[in-house]
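In: Fold the stuff below for me.
(4 chains)
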Amino acid sequence: MTGKLTNAQIAWRAAQDIHDGAYVNLGIGFPEMVARFQPKGRQAIFHTENGILGFGEAPAPGQEDWDLINAGKKAVTLKPGTAFFHHADSFAMVRGGHLDVAILGAYQVAQTGDLANWSTGPKGVPAVGGAMDLVHGAKRVAVITDHVTKDGKPKLLDRCTLPLTGVACVTRVYTSLAVVDIVDGRFVLREKLPSLSFEELQSLTGAPLHLDGGVADLTCPEV
Amino acid sequence: MTGKLTNAQIAWRAAQDIHDGAYVNLGIGFPEMVARFQPKGRQAIFHTENGILGFGEAPAPGQEDWDLINAGKKAVTLKPGTAFFHHADSFAMVRGGHLDVAILGAYQVAQTGDLANWSTGPKGVPAVGGAMDLVHGAKRVAVITDHVTKDGKPKLLDRCTLPLTGVACVTRVYTSLAVVDIVDGRFVLREKLPSLSFEELQSLTGAPLHLDGGVADLTCPEV
Amino acid sequence: MDKRIENLAQAVADIPDGATVMIGGFGGSGAPIELIHALIDRYLATGSPRTLTVINNNAGNGHVGIAAMIEQGMVAKMVCSFPRSADPRVFTEKYLAGEIELELVPQGTLAERIRAGGAGIPAFYTPTGFGTDLAKGKPVAEFDGRSYVQERWLKADFALIKAETGDSLGNLTYRMAARNFAPIMAMAAARTIVQVSHAVAPGGIDPEAVVTPGIFVDAIVEVPNPAQEEDLNRANAHYPEVAA
Amino acid sequence: MDKRIENLAQAVADIPDGATVMIGGFGGSGAPIELIHALIDRYLATGSPRTLTVINNNAGNGHVGIAAMIEQGMVAKMVCSFPRSADPRVFTEKYLAGEIELELVPQGTLAERIRAGGAGIPAFYTPTGFGTDLAKGKPVAEFDGRSYVQERWLKADFALIKAETGDSLGNLTYRMAARNFAPIMAMAAARTIVQVSHAVAPGGIDPEAVVTPGIFVDAIVEVPNPAQEEDLNRANAHYPEVAA
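Out: I've put the predicted structure just below:
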């Protein structure tokens, strides 16, 4: 297998598709990184499930206020125009279709748009948080993920084998190797690393990759 | 027919049953009068559908602020501890069972607790407002009304003939002649004007009046 | 991002014929008179928009605001709880003549249907209206031994509302009981247009005091010293003005 | 009417064995630590309350607050969306040992079920969870061609919440994102008990700024300078304190 994008580069690529003025929810963990790469001249407005819209970046260490945190329980900051609201109003924003984009991590994504990202099975303590609401709320649900699991198995599949977070909800996947859209129950390849052949990418993908027009080069700066 | 209570006296009587600290909604029109007769030492907190809790009495003429009105569109005033909220929250208070008492007018009340107070039939323009919500929300729904219609027909009936506001919702009726509870689908007479015999009252009532213990004298001051 | 719009005419320029429009206000309190009158101006100048469905608690009072929209013939249907007022003649006459449709909804159900529209809840159960004419034909269900009516969400193409202070991101506060339906209508409309008495920069509203977060707002137009419907009616105003 | 209670012990004195208790907070923000610890004190002194059902977004962190309740053995069941935290060992061990029950609810559904409980809506439909294990056995229905899950309201016997300022009528404001579940839990509980950092007289809160109107509140106890769960955990605190 040839080179792949770092997590930061995947996050950078996803950030390029967020338009100016977009209302955005970033899943906890890796997806939070997308906020760092807002293109110049564009201002996204970030929503967090626990009741803040329009918050700013992390404070300097020691400057945290633990009543001002995001869904991942990390400290954030106020910005001019921030608003607070309660949890039912927060999920009215989510479920009511008011978010433009949600960007989430994934264990598995199926060509049908099904997503599995909350449970690796019956072992351990299950925890779901707001993921199941986000996948059925935001106008556009995108996933950022390594293209394969740590042991090299495909994460883009014909169908998910892990417990589902949502059915037919994901429309775009940004991976370490490619950008893949989900259209009418099929994976449509939009961009791939130039160093990687279509056949190589297909061999790392658990369902057929379709073409619809050309495939652009997936190129990211060092970030 | 012997004497009867004035509207103000009916309102006075209803006010005696409102406990200190009660959250109360008074229907528009005649029921609004109940607020005038709060017993000394008790403080009820009034709710209006259009999003105010804990408002005060009417302002002096010329002092009205038309953003500070009750459900009857009459001007009210602020008091220390007033709160504003939107219409969905206002009816969460109503429907969610948070009001202690709602006092409403009536065209007809049935021995089953059914209430008709919003429509006199298919003629004209129908209008319902918040009545249908109030009758299924408040912990106690009481009616104040003349005992009979303007042309002497009973308003307390075995069943309502006018379109219903709610089913099995009223538990007490304060009339110009009596105080009647509704218990297990029957009218139970609690108080009547001392000048009126049981038989006279029964003849003005469209369903049997039952006794359960004694009947107290209904006496009201001149108000 | 800046949601401010230059003037009232621009603010209402996109509302097409046949649109469903939620209009804030309970009686006169919260009524966005200037937005409504700008819409009437457009209709008188261009013949559009017409055959509107208007959602409001009432159906107009006197000859200004919603009553004036109805009087001009722009409204095909009203969805409301209480189409009565001090002077309801405009609606009453059209209704009795069969020239306007009425969907009568209990007030709390109206509010909850609008909130559901904004919150992505397609249907819910309420005790309100069970066993009455207003629940006829609606599904019913029993929960824990009590009977309930199933009600559907209510959404709109546009909401026209009045707020007290608005920043350029769309965060809003209201003035006293003028708040009423505005926050939930802002949630339930595809495009929410707000006249604010005071426009401020982001940061001009305490984040704790924001009632409607900007995500629910699409356009802000400043209208200092807005008219009160009640005052207009007490002065027997007509819109547009009747030539003397 | 005065809803103020003298002290924390009195505030939590009426919660019986087997009660369902909603507890505000999202992680540490908004967690009513002092009310929770007063309840633990009562349990340690009297053996009551026990076999509680606790509703909270999480299931405790470290050895204070809800984690300490669980550690002491007061909790029979958690209803939450995310029983993980920086240090979830207390819950995890009890759960894996089969000593505590878990009802896992998607976070938005949890919030909406609580709000429905407070608003008198016995059931509603949501797209959330459709087709997943968390919707198994729940009624489903189609509206406008899309599939939804029916969810039921969630109510509680008690709510324990933290607010910033409260007046003696029970009107409340919150501090930043500490608001989270508190306003809806206040609506959904038969008895809502609030620790406020600042108690004021009626009139001490701007009527426009009230977030929870007093009708949803039963008891207020002032706790100036409340502890932050996050700070306690960073100091590796245990409740009750472990003797050195």
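
In: in the chain, which spans are strands?
Out: Unless you meant another one, I'm taking chain A. Counting by DSSP state E, one finds strands in chain A at the ranges A:23-26, A:45-48, A:52-53, A:83-84, A:101-104, A:108-110, A:115-116, A:140-145, A:156-157, A:172-175, A:178-183, A:186-192, A:209-210, A:216-217.

In: I was thinking of chain C, sorry if that wasn't clear
Out: With DSSP E as the criterion, chain C has strands spanning C:20-23, C:52-55, C:75-80, C:101-104, C:123-126, C:140-143, C:146-152, C:156-167, C:172-173, C:189-200, C:219-222.

In: Nearest to chain A, out of those strands?
Out: strand C:156-167 (5.8 Å; C-beta to the nearest C-beta). Glycine gets a C-beta too; all of them are placed from N, C-alpha and C.

In: got the phi/psi numbers for the residue sitting furthest away from the middle of chain C?
Out: Ranking residues of chain C by C-alpha distance from their mean position (C-alpha atoms, centre = their mean) puts residue C:145 at the top, at 36.3 Å. For residue C:145, the backbone dihedrals are phi 80, psi 0 (criterion: degrees, to the nearest 10).

In: picking up where we left off before, could the strands of chain C go into TSV alongside mean neighbour count and distance to chain A?
Out: Putting these into TSV (neighbours: other C-beta atoms under 10 Å in any protein chain shown; distance: least, C-beta to the nearest C-beta, whole Å) gives the following:
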stretch	mean neighbour count	distance to chain A
strand C:20-23	26	14
strand C:52-55	24	17
strand C:75-80	21	19
strand C:101-104	16	22
strand C:123-126	26	13
strand C:140-143	13	20
strand C:146-152	19	15
strand C:156-167	26	6
strand C:172-173	26	9
strand C:189-200	22	9
strand C:219-222	22	12
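
In: who wins for proximity to residue A:34 among those strands?
Out: Nearest of those to residue A:34, taken as C-beta to C-beta: strand C:156-167 at 25.3 Å.

In: What angle do strand C:75-80 and the closest one make with each other?
Out: Taking axes from the mean of the first three to the mean of the last three C-alpha atoms, to 10 degrees, one finds strand C:156-167 and strand C:75-80 inclined to each other by 70 degrees.

In: quick one: is strand C:156-167 near chain B?
Out: No: using C-beta under 8 Å from any C-beta of the partner chain, no contact is recorded between strand C:156-167 and chain B, whose separation bottoms out at 9.0 Å.

In: between that strand and strand C:189-200, how big is the angle?
Out: With the same axes, to 10 degrees as the basis, strand C:156-167 and strand C:189-200 are set at 20 degrees to each other.

In: what are the pairing partners of strand C:156-167, and which direction each?
Out: Strand partners for strand C:156-167, identified by DSSP bridges, are recorded as strand C:20-23 (parallel), strand C:172-173 (antiparallel), strand C:189-200 (parallel).

In: Of these, which is nearest residue A:12?
Out: Of all those, it is strand C:189-200 that lies closest to residue A:12, at 32.0 Å by C-beta to C-beta.

In: got a list of contacts for the closest one?
Out: Contacts to strand C:189-200, defined as C-beta atoms under 8 Å, 6 or more residues apart in numbering or on different chains, come from residues C:4-5, C:8, C:11-12, C:14, C:22, C:32, C:34-35, C:155-168, C:170, C:172, C:175, C:185-186, C:216-226.

In: Point out where chain A drops to low pLDDT.
Out: Within chain A, the set of residues satisfying pLDDT under 70 comprises A:1-2.

In: Please apply the same query to chain C.
Out: Within chain C, the segments meeting pLDDT under 70 span C:243-244.

In: got the residues of it near chain D?
Out: Within chain C, the positions lying close to chain D (C-beta under 8 Å from any C-beta) are C:112, C:116, C:119-127, C:141, C:143-144, C:146, C:148, C:152, C:173-176, C:206-209, C:211.

In: who in chain A is up against chain C?
Out: Taking C-beta under 8 Å from any C-beta as the measure of proximity, chain A contacts chain C at A:20-21, A:23, A:43, A:45, A:47, A:53-54, A:78-85, A:88-89, A:91-99, A:136-137.

In: List buried members of those by neighbour count.
Out: In the residues of chain A next to chain C, burial by neighbour count holds for A:23, A:45, A:47, A:53-54, A:78-79, A:81-85, A:88-89, A:91-99, A:136-137, counting by 16 or more other C-beta atoms under 10 Å in any protein chain shown.

In: Could you measure from residue A:40 over to chain D?
Out: From residue A:40 across to chain D, the span is 29 Å (C-beta to the nearest C-beta, to the nearest Å).

In: okay, now that residue: neighbour count?
Out: Residue A:40 is flanked by 4 other residues according to other C-beta atoms under 10 Å in any protein chain shown.

In: Residue A:37 now?
Out: The local packing count at residue A:37 equals 18, with neighbours defined by other C-beta under 10 Å.

In: Stretch C:34-41 vs chain B: in contact?
Out: No: judged by C-beta under 8 Å from any C-beta, stretch C:34-41 and chain B are separated, with a smallest distance of 15.4 Å.

In: quick one, what contacts residue 211?
Out: With no chain named, the answer covers chain A. Taking C-beta under 8 Å, 6+ apart as the test, what residue A:211 contacts is A:188-189.

In: my question was about chain C
Out: Residues near residue C:211 by C-beta under 8 Å, 6+ apart: B:86, C:172-174, C:179, C:183, D:208.

In: Kindly recompute the last result at 6 Å.
Out: Applying C-beta atoms under 6 Å, 6 or more residues apart in numbering or on different chains, one finds that residue C:211 lies in contact with C:172-174, C:183.

In: Thanks again, I'm all set now.
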